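# what's the 3D shape of this:
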Amino acid sequence: MAGLVAVIYGVVAYGFTLVALLYLIGFVGNLIVPKSIDSGTAGPLVQSMVVDVMLIALFATQHSVMARQGFKRWWTRIVPPSVERSTYVLFTSFVLLILYWQWRPIPAPVWTVQDPIAAGVIDGIFWLGWVVLVASTFMLSHFELFGLSQVFARLFGKQLSDAKFRTPLLYRHVRHPIYLGVLLAVWATPAMTAGHLLFALVITGYILIGIQLEEHDLIQQFGDRYRHYRQHAAMLVPLPGRKFTDAKDADV
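Got it, this is the predicted structure:
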């Protein structure tokens, strides 16, 4: 029964995550959703900036703190290890929903691309970013990243294998393709407003800080294997001549 409850919980958490991610696409791209990054009534500039930065800081804090190994060791004394990842993504989804709800638009234009071909290219980069993000999760283990593998393993009494160092496909060229996808998506817009620019700048700063925290954990976990990987694969932007090809470490 406990295993079945964990599966239901994991599936619900995964559903919330999909909703939050789909809404994020609409939010950043000003597409379909009722509240987007540029919609709504603009308020006082300073107040809007403070609120928006605090909302992103809330997301960054939750997303980074709950991902740290020390927090996980403490947290799994409270929640079963099988639902730890599902709880993490569920909390992330709730924080994102709060961000969408409370976001203050700052509609002052920063740049506007009038040429339809150039605007189309920029829109294409926007969608490319989301494709890179989602595809990168499947290159590793999409269902493990979002907690489903863990809850189904508990249901069927299976033990998940320990984390292995793998560099499939795009990961041979870029160490953090998921973050690359996010950056492409948040910066690629033919109509950049001050609010959108603030969002892109703060998210970029968070990603750069988050990478340092994440790689610190990965070095502790994989040691010299990850240090070797860092020397050969670019952090975010694929560069000519930078490719991880060590047959011992690469996941073929």
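
# For the stretch 101-250 of the chain, which residues score under the pLDDT cut-off?
Within the stretch 101-250 of the chain, the ranges that satisfy pLDDT under 70 run 241, 246-250.

# now do 90
Residue ranges of the stretch 101-250 of the chain with pLDDT under 90: 140-145, 147-169, 216-218, 220-233, 237-250.

# hey, where'd the strands end up in it?
With DSSP state E, counting those that start in this stretch, the ranges of strands along the stretch 101-250 of the chain come out as 109-112, 191-193.

# Mean neighbour count for the ones you listed - can I get that in a markdown table?
Any C-beta I mention is one placed from the backbone N, CA and C, and that applies to glycine too. Listed next are the strands of the stretch 101-250 of the chain as a markdown table, based on neighbours: other CB atoms under 10 Å:
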| stretch | mean neighbour count |
| --- | --- |
| strand 109-112 | 12 |
| strand 191-193 | 18 |
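
# Go through those strands and name the closest to Leu45.
Evaluated over the strands of the stretch 101-250 of the chain, closeness to Leu45 peaks at strand 191-193, with 12.3 Å, by CB to CB.

# packing partners for that closest one?
Judged by 3 or more CB pairs under 8 Å, 6 or more residues apart in numbering; DSSP states H and E, the packing partners of strand 191-193 are strand 109-112.

# so what strands line up beside the strand it packs on?
Using DSSP bridges, the strands paired with strand 109-112 in its sheet are strand 191-193 (antiparallel).

# and the partner strand, how far from the chain's centre?
Centroid separation between strand 191-193 and its chain, computed with CA atoms, centre = their mean, to the nearest Å, is 22 Å.

# which residues touch it?
Strand 191-193 has contacts (CB atoms under 8 Å, 6 or more residues apart in numbering) with Ile37, Asp38, Pro105, Ile106, Pro107, Ala108, Pro109, Val110, Trp111, Thr112, Val113.
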